[in-house]
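no sequence for this one, just the structure:
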């Protein structure tokens, strides 16, 4: 798969990964951890996109806590293109700033927006899907979203309702589909109905659009924030940029790109919205919790009795379906089932796989109590 000279991947890496506490912390968040192999999550993200774009075309939007580690982990990327938000403002301002910066330097740029912490099994199929999306995004005022075929009625994901095929140039299984609407995190009954319907996809959070298309969409649907971002971008390449970024960026609205652009754009109608879904079959997992990581590692390596244990030595007796992270320790699991134990130097998490989604509430508690040494 060859490189496209107009393709610019933008990686959003500002999250704290609170559901992976106590391993994930402010200065070493989830995307900076090696949860699936030797490379960290953000290193894997860059590596699978590198066949499509050279290192100098990558942009990363992160925070001040994570930027030093990202620069260390990704030394080939230009330092100036690893931007640290002075305050978090969600995905719309983050990707919007990248769009307005690229519009000034590369007006024909096609932007890919990618979370920094996903797992992809089939990298060749992934690259082919991205390349197809770049073609569609470059062809007009089009927005492309990668939709994951749902395997269960998951309530933690947003859903894409797809309509008719956009054209006949691709096989039916991989054709771009027009998007009717987006639905955020439905209840289990609605999610089950979506899966049964057959024309709904999980929203992967991966989008493609030209810088021109995204800039215009932000000017239309988020005009105040768009004006702020354009003012920041106007200072790019000058000493004033860092000062303008710190002063102006907090004025941006705190809103996701889904709510800011995709939902109002889809409300125009299936054909007028020009939003296209590319069904993705490349083995996607967003590793949203310790439970999701356990499921991923179990499917990948099929460990005995479903126990995933990171330790120096283990003893297992009548134990099933557990996830234990205690590097350098001897771990004995006896008569326990479906638990999660994660130990670090200063903290110990004990929960069940069923309740692992609630781990973020621990971090909220620590923030409220100002116990910052633990976050």
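On my side now, so go ahead. Keep in mind that what you see is a predicted model, and the values were worked out from it rather than measured.

Let me see the ranges of the strands in the stretch 151-300 of the chain.
159-165, 177-183, 200-210, 275-280, 284-285 (DSSP state E, counting those that start in this stretch).

okay if I get the ones you listed as JSON lines plus mean neighbour count and mean pLDDT?
The way it works is simple: take the backbone N, C-alpha and C, and place the C-beta from them, glycine included. Shown next, in JSON lines, are these (neighbours: other Cβ atoms under 10 Å; pLDDT from 0 to 100):
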{"stretch": "strand 159-165", "mean neighbour count": "19", "mean pLDDT": "91"}
{"stretch": "strand 177-183", "mean neighbour count": "19", "mean pLDDT": "94"}
{"stretch": "strand 200-210", "mean neighbour count": "24", "mean pLDDT": "97"}
{"stretch": "strand 275-280", "mean neighbour count": "24", "mean pLDDT": "95"}
{"stretch": "strand 284-285", "mean neighbour count": "18", "mean pLDDT": "92"}
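
nearest to residue 24, of those?
strand 284-285 (16.6 Å; Cβ to Cβ).

give me the low-pLDDT residue ranges for the stretch 151-300 of the chain?
For the stretch 151-300 of the chain, the stretches flagged by pLDDT under 70 are 167-174.

quick revisit: so which of the strands of the stretch 151-300 of the chain gets nearest residue 320?
It's strand 284-285; of those, that one is closest to residue 320 (Cβ to Cβ) at 21.9 Å.

bridging residues for residue 62?
residue 84 (DSSP bridges).

what's near enough to touch it?
13, 14, 70, 82, 83, 84, 85 (Cβ atoms under 8 Å, 6 or more residues apart in numbering).

re the thing from before, could you point out which of the strands of the stretch 151-300 of the chain sits nearest residue 142?
strand 275-280 (6.1 Å).

Can you tell me the strand partners of the closest one and which way each runs?
strand 143-148 (parallel), strand 177-183 (antiparallel).

Mind putting those into a markdown table with distance to residue 335?
Listed next are the strands paired with strand 275-280 as a markdown table, based on distance: least, Cβ to Cβ, whole Å:
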| stretch | distance to residue 335 |
| --- | --- |
| strand 143-148 | 37 |
| strand 177-183 | 42 |
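
Quick one: closest of the ones you listed to residue 340.
Among the strands paired with strand 275-280, the nearest to residue 340 by Cβ to Cβ is strand 143-148 (24.6 Å).

Residue 28 is nearest to which of the strands paired with strand 275-280?
Of all the strands paired with strand 275-280, strand 143-148 sits nearest to residue 28, with 27.9 Å by Cβ to Cβ.

what's the closest one in contact with?
Residues outside strand 143-148 that contact it (Cβ under 8 Å, 6+ apart): 129-130, 133, 136-137, 160, 162, 176-177, 179, 201-204, 206-209, 213-214, 217, 261-262, 265, 273-280, 284.

what about residue 337, distance to residue 315?
16 Å (Cβ to Cβ, to the nearest Å).

tell me the domain ranges of the protein?
What automatic domain parsing lists as the domains of the chain is 7-285, 290-374.

Show the pLDDT at the residue most central in space within the chain.
In the chain, the centroid-proximal residue (Cα atoms, centre = their mean) is residue 115; its distance is 2.3 Å. Here, the pLDDT recorded for residue 115 equals 96.

does it have beta-bridge partners, and which?
Applying DSSP bridges, one finds that residue 115 bridges with residue 12.

check contacts around it.
Residue 115 neighbours (Cβ under 8 Å, 6+ apart): 11, 12, 45, 205, 206, 286.

what's the closest of these to residue 94?
Nearest to residue 94 among the contacts of residue 115, with distances taken as Cβ to Cβ, is residue 12, at 5.6 Å.

burial of the closest one, as a residue count?
By the measure other Cβ atoms under 10 Å, the count of residues near residue 12 is 23.

got the contacts of residue 62 as JSON lines, with pLDDT columns?
Shown next, in JSON lines, are the contacts of residue 62 (pLDDT from 0 to 100):
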{"residue": "13", "pLDDT": "97"}
{"residue": "14", "pLDDT": "94"}
{"residue": "70", "pLDDT": "98"}
{"residue": "82", "pLDDT": "98"}
{"residue": "83", "pLDDT": "98"}
{"residue": "84", "pLDDT": "98"}
{"residue": "85", "pLDDT": "97"}
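
And those residues, which is closest to residue 320?
If you rank the contacts of residue 62 by distance to residue 320 using Cβ to Cβ, residue 13 comes first, at 35.4 Å.

how about that closest one, what does it touch?
29, 31, 42, 60, 61, 62, 66, 70, 116, 117.

Nearest residue to residue 364 in space, please, no chain neighbours.
Using Cβ to Cβ, 6 or more residues apart in numbering and skipping residues adjacent in sequence, the residue nearest residue 364 is residue 18, 7.5 Å away.
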